[in-house]
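Q: Return a 3D structure for these sequence lines:
(chains A and B)
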2 protein chains.
Amino acid sequence: MADGAFGVRPGEIAADLPATFDAGLHFIGRLRTPWHERAACPKNGLQTQETCTVEVDPAYAPALSHVTGCTHLILLYWMDRATRGLLVQRPRHADGPRGTFSLRSPARPNPIALSVVELLGRDGDRLSVRGLDCLDGTPLLDIKPYYASTDSRPDAQVDRAGAAR
Amino acid sequence: MADGAFGVRPGEIAADLPATFDAGLHFIGRLRTPWHERAACPKNGLQTQETCTVEVDPAYAPALSHVTGCTHLILLYWMDRATRGLLVQRPRHADGPRGTFSLRSPARPNPIALSVVELLGRDGDRLSVRGLDCLDGTPLLDIKPYYASTDSRPDAQVDRAGAAR
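A: You can find the predicted model right below:
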């Protein structure tokens, strides 16, 4: 069982992941942030006002056309330093183990992270954004327009105690 | 250049994707929906009241612990039938070509789709949800709790004409 840089703690459960993959990803750019180690990263993207940079590889830059029509974007990126395949985790903020799918932890079978960011501007193949919390150099997977009509659920709730409904 | 089931239209631009992948994905389950062809799918998940089913592979079921504490979830899934690598597209609703990163089209370098769904209930390794718009059998990549505090931006706007700000 892989024991990555983020570690597996007592009481946690890791998956016995298949030896082969079902699909493959292309890294399409990098996220440039002020944070170079995990402890320095903000807890989430709203806890910082830092401007970060989305560097899109020149080969993919044509796909940025019209992106400045969006006030907010969804960024998908690859948590390449996370322990992969953790199914049950013991977050520090919780009173016991939690299933990975009830957490936003980077450690998961497919370590794809998602952030909603405010688009501040574009300069060629670079976007200035606010709302990232990840490590400098994190590989970028996708950029999507954020639609309030389908993506915004202001009344959504998470019971951190995990009480079943 | 691959010309997949969703096709490349005149005026569109496809990427010359690298021959190798940078990272790999495990399919962790399937989405069960009432729609078996693209033309039958709703335009988005809010245009239907259909209850759909998230089938999580038994190997990953422990990761569902405490997920019922969430009223809403983010599902990431793999658009396995989409033309991959389209950079500029001509959507029917637009007056001209648009960059892929300004669109929610399934055709993109990494065809990962995202839907915010309402969680209706859990039965073992199956979740009942409302808000999906994809084809039956679509491969599942990830399940995340939806946090209104960081994921909801009710004031976000998209200028479909793509006017630069």
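
Q: all strands in chain A, in order from the N-terminus.
A: A:13-14, A:23-25, A:29-32, A:51-56, A:72-78, A:86-89, A:98-99, A:112-123, A:126-130, A:138-145 (DSSP state E).

Q: hmm, the first one in reach of chain B?
A: Yes - with Cβ under 8 Å from any Cβ of the partner chain as the threshold, strand A:13-14 lies in contact with chain B, specifically through A:I13. Just so you know, the C-beta spots here come from the backbone N, C-alpha and C atoms, and that holds for glycine as well.

Q: same check, this time on the third one
A: No - applying Cβ under 8 Å from any Cβ, one finds that strand A:29-32 is not in contact with chain B, the shortest distance being 10.2 Å.

Q: contacts for that strand?
A: For strand A:29-32, contacts defined as Cβ atoms under 8 Å, 6 or more residues apart in numbering or on different chains pick out A:52-57, A:60, A:75, A:77, A:125, A:132, A:134, A:136-140.

Q: what about that strand, distance to the chain center?
A: 12 Å (Cα atoms, centre = their mean, to the nearest Å).

Q: That one pairs with which strands, and in what direction?
A: Looking at strand A:29-32 with DSSP bridges, its partner strands are strand A:51-56 (antiparallel), strand A:138-145 (antiparallel).

Q: Same question for the second one.
A: Sheet pairing of strand A:23-25 (DSSP bridges) gives strand B:23-25 (antiparallel).

Q: Using the neighbour-count criterion, name the buried positions in the strand it pairs with.
A: B:A23, B:L25 (16 or more other Cβ atoms under 10 Å in any protein chain shown).

Q: can you list contacts of it?
A: Taking Cβ under 8 Å, 6+ apart as the rule, strand B:23-25 contacts A:F21, A:D22, A:A23, A:G24, A:L25, A:F27, A:W78, A:D80, A:N110, A:P139, B:W78, B:L141.

Q: A:V116 contacts A:Y147, correct?
A: No - counting by Cβ atoms under 8 Å, A:V116 stays clear of A:Y147, with 11.1 Å between them.

Q: These two: who's more crowded?
A: A side-by-side neighbour count of A:V116 and A:Y147, using other Cβ atoms under 10 Å in any protein chain shown, places A:V116 first with 21 against 18.

Q: Quick check, pLDDT for that one.
A: Looking at A:V116, its pLDDT is 97.

Q: So in terms of bridging, what pairs with it?
A: A:I74.

Q: Now do the same contact list for it.
A: A:G45, A:H72, A:L73, A:I74, A:G131, A:Y146, A:D151, B:T150, B:D151, B:R153.

Q: The residue most central in space within chain A and chain B, how far apart?
A: With distances taken as Cα atoms, centre = their mean, the residue of chain A nearest its centroid is A:A113 (2.2 Å). Applying Cβ to the nearest Cβ, to the nearest Å, the value for A:A113 to chain B is 9 Å.

Q: My read is that that residue contacts A:R81, right?
A: No - counting by Cβ under 8 Å, A:A113 stays clear of A:R81, with 11.3 Å between them.

Q: who touches both of these two?
A: By Cβ under 8 Å, 6+ apart, the residues touching both A:A113 and A:R81 are A:P106.

Q: Point out where chain A drops to low pLDDT.
A: Where chain A drops to pLDDT under 70, the residues are A:1-7, A:162-165.

Q: could you redo the last one with a cut-off of 80?
A: Counting by pLDDT under 80, chain A shows low-confidence ranges at A:1-8, A:160-165.

Q: which residues does A:S152 contact?
A: Contacts of A:S152 (Cβ under 8 Å, 6+ apart): B:D151, B:S152, B:R153, B:P154, B:A156.

Q: sorry, back to before: list the ones among the contacts of A:V116 that fall in helices.
A: Among these, the members falling in helices (DSSP state H) are A:D151, B:T150, B:D151.

Q: Chain neighbours aside, what residue packs nearest to A:I13?
A: Spatial nearest neighbour of A:I13, excluding adjacent residues (Cβ to Cβ, 6 or more residues apart in numbering or on different chains): A:V88 at 4.0 Å.
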